[in-house]
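> Sequence first, predicted coordinates after that:
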Amino acid sequence: MDNFSFAQIFHEIADFLELKQENPFKIRAYRKAAQSIESLSENLEDIYKSGGIKTLEEIPGIGSHIALKIEEQIKTGKVKAYQQLLKEFPKGFLELASVPGMGPKTALLLYKKLKIDSIAKLEQAAKAGKLRRLEGFGAKKEANILKGLELKKKTRGRFLIDQATAHAELIVEKLSKLKEVKKIIACGSLRRGQETIGDIDILVISSQPQKIMGAFVDLDVVRRVLAKGQTKSSVIMKNNMQADLRVVAEKSFGAAVHYFTGCKAHNIHLRQIAQKKGLKVSEYGIFKGGKQVGGRTEEEMFSRFGFDYIPPELREMRGEFEAAAKGKIPKLIELDDIKGDLHMHTTASDGKNTIKEMALAAKKKGYEYILITDHTKSTRVAHGLTEKQMQQHWKDIKKVNQEIEGIEVLAGAEVDILPDGRLDYSDELLKELDLVVIAIHSNFKMAKDKMTKRIIKAFENKYINIFAHPSGRLIGQRSPYDVDMEEILKAAQKNNVAVEVNAHPRRLDLTDIYCKRAKELGVKVIISTDAHSTEELDLMKYGVITARRGWLEKNDMLNTKPLKQLRLFLNRH
DNA sequence: GCCGTTTTCGGCCCGACTGTTTTCAGTCG
């Protein structure tokens, strides 16, 4: 069973306990455990097998009780307490409480009074005007629930990071034109660089919050206003994404930007530390008694408690406080560190631009080198090249390289890993290429051990250099193939294969968690765009932010190095 | 249910907005 499925059980237990109005701290404990499991790079089952209950309890947020439940799941295939909860509540009941505007208490009340136990019944009752007659309800609340239902249907899931970025930039650009806006910044999961974004959080510094609120809810991208208060408003935009705006005074900037960036668990942890020191942290600052003693700058939110500055991408409660206390926060890689892009396509296969166009666009970005990596013959849907075509293509690349000054245009290919682990081209051809990228484009549904062997076999070819989009996932479209990533990374290290962080917002693959694991195992990482057009070369920033979330530094990467060094590392000189 | 440089028991972050209320509960982040 994968970690995500374990986490799901504990998330749901938390949801059920919330319905039962159990001790809120118990509920939080389950959620914390679930999040902790989600951020593990190693498989929970493997951790258990390596040292039993004891090793499970070493995981933060997992204590004796939850460790026993994990063991129970591994040994018996189910958790009794969880099964019990499933029996207690009708199927689909959890979904009720997740309707915007509803919560556990409302859901439970409606179940008791009106026997509502599904979304369909809720909609029926609300439309029939049955809710408004209940105590504590009114016409407005009923209407709000109907709107919540509508919203739930439309906003299926989360948004990709590039879409969210574009919308956040739009709001920031429009509001920053107001003279009352002193500072404006997009915070939340977007600032932390999460792979998908639920809603956009904007923080504004101003002494006239009312004016900002008015301008925000009147923006032409706004479809509906969810809430509008003195200092805080929420809207749904025309693309069905939610945006929240918060206004605070200058003296609270640091505290507010920290609070609004999150994540929640990170915030709670800092507030607990403050509490122990007799201080109080809120979005308004650090307080002693009633007096503000810090929080003007974000740096202060950490330094006041003896921590080094923690970059937003690391604020996920994955050990950042421990590192910050010891002065061990890495100096994270930046976009400017990237010296070349090693995965891109041209009109020769399924790209939109020619070799020359790609090269000129890359040169404009200040890159020292690029690697042209068109598809090989087995990827027929992407017009993969035969050996003969590839040899001609290789000549074309060399020609462009001679024509253009100031950037090295290298000849490569994105070579298919065939189902049996062999490669799509012969060694004779592979060794002619400057660098060889390999990837899987077919037979995604293999069994785990077979898929793992397939990839490791490909790694043993001495002419290959980079393993592209290692998990094969497409966010929101296709799950990763079933593979033992730990073994893959170890094999990559052994065979001197670099792994790719594919920067495309739909891929972001390796994920942050495996970036961190790759670093621990001494595997070199490369960030590439997999661009199919000159515009897509701009996607590099999303790969960089993913690598940052994986705690990676300039020296953990290969395409931050000059070409000579890069080739030396890959034994390709 | 978790956790410990005050603790193995007694704590557990903090504030905004809405709707239905005459002072607050529920939801959200």
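Now that the structure is in, tell me what you want to look at. Given the structure is predicted, the values throughout are model-derived calculations rather than measurements.
> Which elements pack onto whichever strand or helix holds A:Leu86?
Using DSSP states H and E, A:Leu86 sits in helix A:80-88. With contacts defined as 3 or more C-beta pairs under 8 Å, 6 or more residues apart in numbering; DSSP states H and E, helix A:80-88 has these neighbours: helix A:3-19, helix A:64-76. C-beta here means a position set from N, CA and C on the backbone, and glycine is covered the same way.
> rerun that using 10 Å as the cut-off
Other helices and strands packing on helix A:80-88, by 3 or more C-beta pairs under 10 Å, 6 or more residues apart in numbering; DSSP states H and E, are helix A:3-19, helix A:64-76, helix A:93-97.
> list the buried ones in that helix?
A:82, A:85-86 (16 or more other C-beta atoms under 10 Å).
> Could you export it as CSV, CA atoms only?
Provided in CSV are the C-alpha atoms of helix A:80-88 (Å, rounded to 0.1, in the frame of the first residue of the first chain):
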residue,chain,number,x,y,z
LYS,A,80,-11.0,-1.8,12.8
ALA,A,81,-11.6,1.7,14.3
TYR,A,82,-11.8,3.1,10.7
GLN,A,83,-14.1,0.3,9.6
GLN,A,84,-16.3,1.1,12.6
LEU,A,85,-16.6,4.8,11.6
LEU,A,86,-17.5,3.8,8.1
LYS,A,87,-20.3,1.7,9.5
GLU,A,88,-21.5,4.5,11.8
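> Just want the angle from it to helix A:3-19.
Relative orientation of helix A:80-88 versus helix A:3-19 (axes from the mean of the first three to the mean of the last three C-alpha atoms, to 10 degrees): 60 degrees.
> What pLDDT is listed against the nearest residue to A:Phe287 once chain neighbours are set aside?
Leaving aside its chain neighbours, A:Phe287 sits nearest to A:Lys280 (4.5 Å; criterion: C-beta to C-beta, 6 or more residues apart in numbering). Looking at A:Lys280, its pLDDT is 92.
> A:Lys280 reaches A:Gly290, doesn't it?
Yes: in this structure, A:Lys280 is within contact of A:Gly290 by C-beta atoms under 10 Å, at 9.3 Å.
> Give me every residue in the stretch 1-150 of chain A lying close to DNA strand B.
Residues of the stretch 1-150 of chain A lying near DNA strand B by C-beta under 7 Å from any atom of the strand: A:23, A:25-26, A:28-30, A:32-33, A:57, A:60-67, A:81, A:100-107, A:132, A:135-142, A:144.
> now with 6 Å?
Within the stretch 1-150 of chain A, the positions lying close to DNA strand B (C-beta under 6 Å from any atom of the strand) are A:23, A:25-26, A:29, A:60-66, A:100-106, A:135-141, A:144.
> Produce a PyMOL select command limited to the buried residues of these.
In PyMOL, a selection of the buried entries from these looks like this (16+ other C-beta under 10 Å):
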select buried, chain A and resi 29+61+62+66+100+101+102+104+106+137+141+144
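> who's in contact with the helix holding A:Leu86?
Contacts to helix A:80-88, defined as C-beta atoms under 10 Å, 6 or more residues apart in numbering, come from residues A:9-10, A:12-13, A:15-17, A:19-20, A:65, A:68-69, A:72-73, A:78-79, A:93-94.
> filter the residues you listed to the buried ones?
Taking 16+ other C-beta under 10 Å as the criterion, what is buried in these is A:9-10, A:12-13, A:15-17, A:19, A:69, A:73, A:79, A:93-94.
> can you tell me which residues contact A:Ser426?
A:387, A:463 are the contacts of A:Ser426 under C-beta under 10 Å, 6+ apart.
> Model confidence at it, what's the number?
The predicted local distance difference test score for A:Ser426 is 95.
> go on, A:Thr155?
Here, the pLDDT recorded for A:Thr155 equals 65.
> From A:Ala256, how far out is A:Ile286?
The gap separating A:Ile286 from A:Ala256 is 12 Å, by C-beta to C-beta, to the nearest Å.
> and for those two, which residues touch both?
Common neighbours of A:Ile286 and A:Ala256 (criterion: C-beta under 10 Å, 6+ apart): A:295, A:301.
> More neighbours: which of the two?
A:Ala256 (28 against 23; other C-beta atoms under 10 Å).
> ok, that one touching A:Arg246?
Yes: the pair formed by A:Ala256 and A:Arg246 meets the contact definition of C-beta under 10 Å, at 6.8 Å.
> Now do the shared contacts for these two.
A:187, A:203-204, A:283.
> Keep only those residues that also lie close to DNA strand B.
With C-beta under 6 Å from any atom of the strand as the criterion, the shared contacts of A:Ala256 and A:Arg246 include none near DNA strand B.
> Tell me how far the closest residue to DNA strand B within the stretch 201-350 of chain A lies from A:Gly285.
Nearest to DNA strand B in the stretch 201-350 of chain A, going by C-beta to the nearest atom of the strand, is A:Gly229, at a distance of 2.2 Å. For A:Gly229, the distance to A:Gly285 equals 20 Å [C-beta to C-beta].
> Between those two, which is the more surrounded one?
A:Gly285 (25 against 12).
> The nearest residue to that one once chain neighbours are set aside: what's it in contact with?
Computed as C-beta to C-beta, 6+ apart, the closest residue to A:Gly285 that is not its neighbour in sequence is A:Gly295, at 3.1 Å. Listed by C-beta under 10 Å, 6+ apart, the contact partners of A:Gly295 are A:248, A:251-259, A:281-287, A:301, A:304.
> thinking again about what came up before, now do the helix holding A:Leu86 and helix A:64-76, the angle between them.
Helix A:80-88 runs at 80 degrees relative to helix A:64-76, counting by the same axes, to 10 degrees.
> what about helix A:80-88, average pLDDT?
Per-residue pLDDT over helix A:80-88 has a mean of 93.
> Flag every residue of the stretch 201-350 of chain A that's near DNA strand B.
Residues of the stretch 201-350 of chain A lying near DNA strand B (C-beta under 6 Å from any atom of the strand): A:201, A:227-232, A:244, A:267-268, A:271-272, A:275-276, A:280-282.
> Report the separation between the residue nearest the centre of chain A and A:Ile119.
Most central in chain A under C-alpha atoms, centre = their mean is A:Glu195, positioned 2.4 Å from the mean C-alpha point. Remark: distance between A:Glu195 and A:Ile119 (C-beta to C-beta) = 28 Å.
> go on, A:Leu56?
From A:Leu56 to A:Ile119 the distance is 36 Å (C-beta to C-beta).
> Check A:Asp427 too.
Separation of A:Asp427 from A:Ile119 (C-beta to C-beta) stands at 58 Å.
> quick one, which of these two is more surrounded?
A direct count of neighbours by other C-beta under 10 Å for A:Asp427 and A:Ile119 places A:Ile119 higher, at 17 against 12.
> In CSV, could you pull the C-alpha coordinates for the helix or strand hosting A:Gln272?
Here A:Gln272 sits within helix A:264-276, counting by DSSP H and E. Provided in CSV are the C-alpha atoms of helix A:264-276 (Å, rounded to 0.1, in the frame of the first residue of the first chain):
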residue,chain,number,x,y,z
LYS,A,264,-0.9,25.8,8.6
ALA,A,265,1.2,23.3,10.6
HIS,A,266,4.3,25.5,10.2
ASN,A,267,2.4,28.5,11.5
ILE,A,268,1.0,26.6,14.5
HIS,A,269,4.4,25.3,15.4
LEU,A,270,5.9,28.8,15.4
ARG,A,271,3.0,30.1,17.6
GLN,A,272,3.5,27.2,20.0
ILE,A,273,7.2,28.1,20.3
ALA,A,274,6.2,31.7,21.0
GLN,A,275,3.7,30.6,23.6
LYS,A,276,6.4,28.7,25.5
